[in-house]
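quick one: sequence and predicted model below, then my questions.
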Amino acid sequence: MTSADQYIDYPTLLSPTFSPTTFSSTLISQTNHPHEPLDLTTPLSRVLFDLQEIDTTLHTLTTTSSALLLTHTATTTRASSTLLAAVTAQTAMLNTAYERLRREVIDRGDRAEEVVRVVQNLHATTRVLREISRGVVLARQVERQVADLEGGEWSAMVRCCFSLLELGRLLEQGDALMEVDLARSLNERVYQPTRSNIVSRAKEIITTFSLLTQDTPTPSSTSTTSTTSTPTPSAIFTTLSSASPALRQKLSSTLQSLSLLSPSDLHTSIRTLLQTHITASTTLLTRALTSLTTLDRALAEVSLRSLSVAAVEGYLDGVGLAQAVLARLDMRRLTTGFWRGVAAGWEPRVKDVVVRGGAGARILKAGKERVREGVRACVLRGMGMEGGGEEGEGGFEVAVMVGALGSLGR
């Protein structure tokens, strides 16, 4: 190693962490006194000298080793050329393979994707058309069933409800179907109006049902009923069915239809029917309190209203809806609810007549046994127990109604 080699700090200059800023700062600090003015001549001269020495060293080394460097360079160049030729050949092969794959796979794949999209669109279109066709068939079916219903075939109402339910499920499958004008037309001109019409018609039939307006024998006059127990709803249903098939078909179909299209409206309609008969019966019995000559007629009509309620319960049981409806209305039987409602409304009216006094109160008290017997017979007739005792279910209703006369005394 020469003196120049010893003079130049190669380890510092070749260090990976070499910093020109740090090196310059150190050099200035070494060539200047802290209490003297800053002088950059000396550090600059040293740096220039180092550069000159390094340049001279490089020139000497390259000159003396030129043959070796040229040989090494030539060898490296040949090796690079050989490697480049091999890489170029492989690249050409890859390009050729890629072009073949592009033609056979990528281009075909692109065309296949287009075909798939077309097929998917056709499938979606076919599905919509198939659903529209099904909707048209259902709509025509609904129209025929409505025509049958208008012709008096009440069983067509239930069939129409099933068709409407299927049509409704079809129209509610998705927005794509409703984008078709025909589907919207089926919804607006067939499904919605027909459904609303049937629901409204069924509600009206149920809420206004009464044997007073039916040309139908009552269970008491068409069958021999046990005198010691209350007939079940099914028994009343069977009796009324044999007495009037048209009435059975009408009310049964109406109850089934409303339960299919709107169960909540069925419960509301039954409650309304019950309240209507309770209110009418309470009014009749209240009027009869001041004129006992009309009591028998009033009691006969009240018993018929009770049979109307029993008939509805029987039809509900006949079509398998009684249990669900009674559970929703929180009642054991509709007739029980009827007589409890009548008793609750009549009791304060009886008490009011007694409290006011006068001839009406005296006549009522004088005939209290007749009134009690009439009420007892009315309840039994209304429960389908013509001429019978008070055992079984009927005993509770008789006790409730007779108890409403408690203000008359014993």
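Done, it's in.

quick one: the helices in the stretch 251-400 of the chain?
All helices of the stretch 251-400 of the chain, identified by DSSP state H, counting those that start in this stretch, fall at 263-289, 295-318, 322-329, 334-356, 359-366, 368-382, 393-403.

quick check: mean pLDDT of the fifth one?
Confidence over helix 359-366 (mean pLDDT, whole number) is 80.

show me what it is packed against.
Helices and strands touching helix 359-366, by 3 or more C-beta pairs under 8 Å, 6 or more residues apart in numbering; DSSP states H and E, are helix 334-356. Yep, even glycine has a C-beta here, placed from its N, CA and C like the rest.

mind doing that once more with 10 Å?
With contacts taken as 3 or more C-beta pairs under 10 Å, 6 or more residues apart in numbering; DSSP states H and E, helix 359-366 sits against helix 263-289, helix 334-356, helix 368-382.

I'd say A343 and V302 touch.
No: with contact defined as C-beta atoms under 10 Å, A343 does not reach V302; the gap is 11.4 Å.

which residues are common contacts for these two?
Taking C-beta atoms under 10 Å, 6 or more residues apart in numbering as the criterion, A343 and V302 both touch I278, T282, L285, V375, V379, M401.

which of these tops the neighbour count?
With neighbours taken as other C-beta atoms under 10 Å, the top of those is V379, carrying 28 neighbours.

tell me how far that residue lies from A399.
The gap separating V379 from A399 is 9 Å, by C-beta to C-beta, to the nearest Å.

now do L258
Applying C-beta to C-beta to L258 and A399 gives a distance of 34 Å.

those two - which one has more neighbours?
Legend: neighbour count by other C-beta under 10 Å for L258 and A399, higher for L258 (27 against 15).

so that one sits against D265, correct?
Yes: look at L258 against D265 with C-beta under 10 Å: they come within range, at 5.8 Å.

give me the common contacts of those two.
Counting by C-beta under 10 Å, 6+ apart, the shared contacts of L258 and D265 are V199, A202, K203, I206.

from those, which is closest to V354?
The closest of the shared contacts of L258 and D265 to V354 turns out to be I206 (C-beta to C-beta; 37.4 Å).

burial measure for the closest one, as a count.
A count of nearby residues for I206, using other C-beta under 10 Å, gives 21.

helix or strand for it, which one?
Using DSSP states H and E, I206 falls within helix 192-207.

what is the mean pLDDT for that helix?
96.

buried sites along that helix?
T194, R195, I198, V199, A202, K203, I205, I206, T207 (16 or more other C-beta atoms under 10 Å).

low-scoring stretches of the stretch 251-400 of the chain, by residue?
386-393 (pLDDT under 70).

mind doing that once more with 90?
For the stretch 251-400 of the chain, the stretches with pLDDT under 90 are 288-296, 318, 332, 350, 352-371, 381-396.

looking at the helices of the stretch 251-400 of the chain, which one is packed in the most?
helix 295-318 (a mean of 23; mean count of other C-beta atoms under 10 Å).

nearest to D50, of the helices and strands packed on helix 359-366?
helix 263-289 (101.1 Å).

tell me what that closest one is packed against?
Applying 3+ C-beta pairs under 10 Å, 6+ apart, one finds that helix 263-289 contacts helix 192-207, helix 245-261, helix 295-318, helix 322-329, helix 334-356, helix 359-366, helix 368-382.

the fourth one vs helix 245-261, what angle?
It stands for helix 322-329. Interaxial angle of helix 322-329 relative to helix 245-261 (axes from the mean of the first three to the mean of the last three C-alpha atoms, to 10 degrees): 60 degrees.

if we can go back for a sec, and the helices and strands packed on helix 263-289: which comes nearest V142?
Proximity to V142, assessed across the helices and strands packed on helix 263-289 by C-beta to C-beta, is greatest for helix 192-207 (5.7 Å).

send the alpha carbons of that closest one over as CSV?
Output of helix 192-207 as CSV, limited to C-alpha atoms (Å, rounded to 0.1, in the frame of the first residue of the first chain):
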residue,chain,number,x,y,z
GLN,A,192,-106.9,-6.2,-7.4
PRO,A,193,-110.6,-5.5,-8.3
THR,A,194,-111.7,-9.1,-8.1
ARG,A,195,-109.9,-9.7,-4.8
SER,A,196,-111.4,-6.5,-3.3
ASN,A,197,-114.9,-7.4,-4.6
ILE,A,198,-114.8,-10.9,-3.2
VAL,A,199,-113.5,-9.7,0.2
SER,A,200,-116.2,-7.0,0.4
ARG,A,201,-118.9,-9.3,-0.7
ALA,A,202,-117.9,-12.0,1.7
LYS,A,203,-117.7,-9.5,4.6
GLU,A,204,-121.2,-8.3,3.8
ILE,A,205,-122.7,-11.8,3.6
ILE,A,206,-121.1,-12.8,7.0
THR,A,207,-121.9,-9.6,8.9
